Each structure stands twice: as C-alpha cells, then as structure tokens.
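# how would this look folded up:
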Amino acid sequence: MKKVYKNITDVLRLNRFIVLAVVILCLLTSGLSMGLLYHYQEKLLNAAFAIGPEGSIMPLQLVSQQEKMEVEALAHIDLFHRLFYSMDDSNYRDHLDKTLWLGDASVDAVYRQKKSDGFYNRLLQFSLRQQVVQVDIELDLDYEPYRFQARTVFEVHRGTVIDRYQLDTSGELIVVDRNFPHNPHGLLITNFFEDSLRKLETQTK
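Residues are numbered from 1 along each chain as shown. Okay, here's the model as predicted:
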C-alpha cells in the first residue's frame, strides 16, 4: 500500500503555529510572574512581620520615608541650634567643633562673624553661660534642598542676671553620607542665616 505523506507546507505551517503559541505562552507566563513579583515586593516593602508571644505572626506597618525624613531633619536642626547657641567658657570649643560637622561654609561664615565681633572673647572674659531653652522649627520637605526656619529662645546668664533672647534663623538641608558620631543624621545645613535677634526679658535670681 502506498504511504501518503503530508504536504510540506502544511507541516511547516503547523510547526510555526506551535512555536508561536509556545513563545506567546512563555511571554504571558513571564509577564504574569513579573507582575506578581512586583506586587508582593511592594507589599513586603510596606509591611514587616514580628513573632508574637504565642508564636503568631503579626504584621507591622512601616513608617513612610517622608515621616522618617521629617524626624531626621527636625532632630538635625534641633541638635545644631542647641550646640551652636548653648555654651559656656568650658565647652564652647567642643560645641563649635561638633556644630561645624552639621553645616557647610555658611555656618562657618556665621561663626567667623561672631568671632570677629568679639562674642567668644566676651564669653570667656565675663564667664557668661548661654543656654538654649526652646527651638521651634518650620520645615518644608516638598523637594530638596529642604527649606527650614527656626525660632530659638536662649538665656544668657551673667551671675545673678539672666537675659532672654529670641533668635530667628533660616537655611536649607541637603542629604549627605552619614558619619557617626560627627553627622549621625546624614544631613547638612546650607545657606544658613541669622535673620533677626531681639531681647525678650531680664530676670534676677
């Protein structure tokens, strides 16, 4: 009996159809896998898990990056002002050394201006003690560099006399590499200015 062979064109057409079907199926499977991987990655980035006392798994919501940045920025600005404006004749050099790690040349310029005005000489000569009482900060985190304004209330102790002042400052923050313990928050103050200073009151102990 004579064997009947299929048309070579039909065979090639069938093979091409099978190959295309396999390729399309592979692409769909890969796309679905990537989509699921991205979905679960986003889910894991926004949640953490802890083991409860009874062995149960408890989801924990992570703090958003914006909230983390706000905490870091506020802590950095507060630390800077407390170091730069709280000092006495025994610790002012140490405070200044720490402060200059937290800001750029604009901070150094303010320091040099105060030095040329004789501020630190008066601190030593009259054994003054300057102490920050309060730092109120307004911060804009919409885009970098982050603008801030700070209102610092500090007291100058002259023996039994206490003078209280209010200082308004402004500047910007940029992100830099962390450098513990010199710059633990990984931020740097730039374009720093002392905008205004006014005396509030005088007290006697």
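# where's the residue nearest the centre of the chain, which helix or strand?
With distances taken as C-alpha atoms, centre = their mean, Met69 lies nearest the centre of the chain, 3.8 Å away. Using DSSP states H and E, Met69 sits in helix 65-85.
# and the contacts of that helix?
95-96, 98-99, 102-103, 107, 130, 132, 135, 137, 139, 141, 146, 148, 150, 152, 154, 167, 169, 173, 185-187, 189 (C-beta atoms under 8 Å, 6 or more residues apart in numbering). From N, CA and C alone the C-beta is placed, and that goes for glycine too.
# can you give me the offset of stretch 179-194 from its chain's centre?
Chain-centre distance of stretch 179-194: 10 Å, with C-alpha atoms, centre = their mean, to the nearest Å.
# ok, now stretch 106-124?
The answer for stretch 106-124 is 28 Å, by C-alpha atoms, centre = their mean.
# quick one: average confidence on the helix ranked longest in the chain?
For the chain, the longest helix by residue count, based on DSSP state H, is helix 8-45. The pLDDT scores in helix 8-45 average 80.
# same check, this time on stretch 172-189
Mean predicted confidence for stretch 172-189 is 93.
# now do it: distance to the chain's middle.
The answer for stretch 172-189 is 8 Å, by C-alpha atoms, centre = their mean.
# straight-line length of that stretch, end to end?
6 Å (C-alpha to C-alpha, to the nearest Å).
# how about stretch 104-124?
26 Å.
# for Lys205, give me the pLDDT.
pLDDT, Lys205: 69.
# no no, Tyr5
As predicted, Tyr5 sits at a pLDDT of 53.
# and for Asp78?
97.
# burial measure for it, as a count.
Residues lying near Asp78 (other C-beta atoms under 10 Å) number 16.
# next: Glu155.
17.
# for Ile189, same thing?
23.
# again, but for Ile77
Ile77, neighbours per other C-beta under 10 Å, totals 26.
# and it, how close does it get to Leu100?
15 Å (C-beta to C-beta, to the nearest Å).
# quick one: pLDDT of Lys68?
Confidence score, pLDDT, at Lys68: 85.
# okay then, goodbye and thanks.
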